[in-house]
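# Fold the following and give me the result.
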Amino acid sequence: MSSIFVIGEDTLSCALGERLAIDTMHWEVLQHAINCRGVTNLKKALPRYMRLAHRFPVLCLADTDGKCPVKLLRAWLPKQQPENFILRLAVTESESWILADRDALAEFLKINVSHIPICSDDIPDPKRSMVSLARRSRHRHIRQEMVSSHDPEKPGSGYNQHLCSFVRNHWRPFIAAEQSPSLSKAIRKLSAMSTRSS
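Residues are numbered from 1 along each chain as shown. Model prediction:
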């Protein structure tokens with residue numbers, strides 16, 4: 001089985017990257033995904049990860065945070081990158097890709113699927129949308145842990161834990177890609193890398 005390093009901007013990006021490597025490429029993730037704990041740290045480390053890609057395939061994931069993904073990729077990367085290096089950006093946040101699997105997320109949160117927007121890449125604040133959906137959950141522990149007890153508009157202490165669990169156990173990348181063009185592009189890039197290496 002082929003292997004790949006996964007690097008994420010944050011905890012959620014790491015979980016998504018691992019799932020994409022396993023589901024779309026059928027590859028093993030080397031070690032655990034590397035959490036850069038912020039996009040600033042990830043950007044600084046990109047040259048190091050591109051050097052690593054001369055020895056092992058590398059997938060990096062980050063958010064666009066409302067900025068143009070094409071402009072960000074041009075600004076962050078040199079014109080020539082190693083063949084085995086992929087940087088993909090979730091439009092607008094990692095939550096966009098999670099929201100795109102509407103049926104599975106509705107089942108996980110125990111809410112009506114009609115509450116989940118259809119075009120997830122067009123949601124201006126996906127994190128806020130996710131918190132709002134969690135408030136509707138029929139599971140009390142999800143409401144209590146995913147939503148802050150101090151501010152109902154913000155994530156609670158268990159937000160990442162629950163969403164990472166959903167990504168690892170329920171999220172379906174190919175289904176989600178039907179609602180998220182940025183995820184669909186990421187899957188195409190990973191599939192092409194997998195084909196080259198087979």
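
# okay, now the domains of this structure?
Structurally, the chain divides into domains by automatic domain parsing as follows: 3-93+180-197, 96-173.

# can you put those domains in JSON lines and add mean neighbour count and mean pLDDT?
(Each C-beta comes from the backbone N, C-alpha and C, glycine too.) Conversion of the domains of the chain to JSON lines gives the following (neighbours: other C-beta atoms under 10 Å; pLDDT from 0 to 100):
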{"stretch": "domain 3-93+180-197", "mean neighbour count": "18", "mean pLDDT": "97"}
{"stretch": "domain 96-173", "mean neighbour count": "18", "mean pLDDT": "98"}
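
# so what's the closest residue to residue 170 other than its chain neighbours up against?
Of all residues not flanking residue 170 in the chain, residue 104 sits nearest, at 4.9 Å (C-beta to C-beta, 6 or more residues apart in numbering). For residue 104, the contact set (C-beta atoms under 8 Å, 6 or more residues apart in numbering) comprises 166, 170-172, 175.

# Apply 7 Å and report the result again.
Contact analysis of residue 104 by C-beta atoms under 7 Å, 6 or more residues apart in numbering lists 170-172.

# export the residues you listed to a markdown table and tack on distance to residue 14?
A markdown table is the format used below for those (distance: C-beta to C-beta, whole Å):
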| residue | distance to residue 14 |
| --- | --- |
| 170 | 17 |
| 171 | 14 |
| 172 | 18 |
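
# Return the subset of the residues you listed lying in helices.
Using DSSP state H, no member of the contacts of residue 104 falls within helices.
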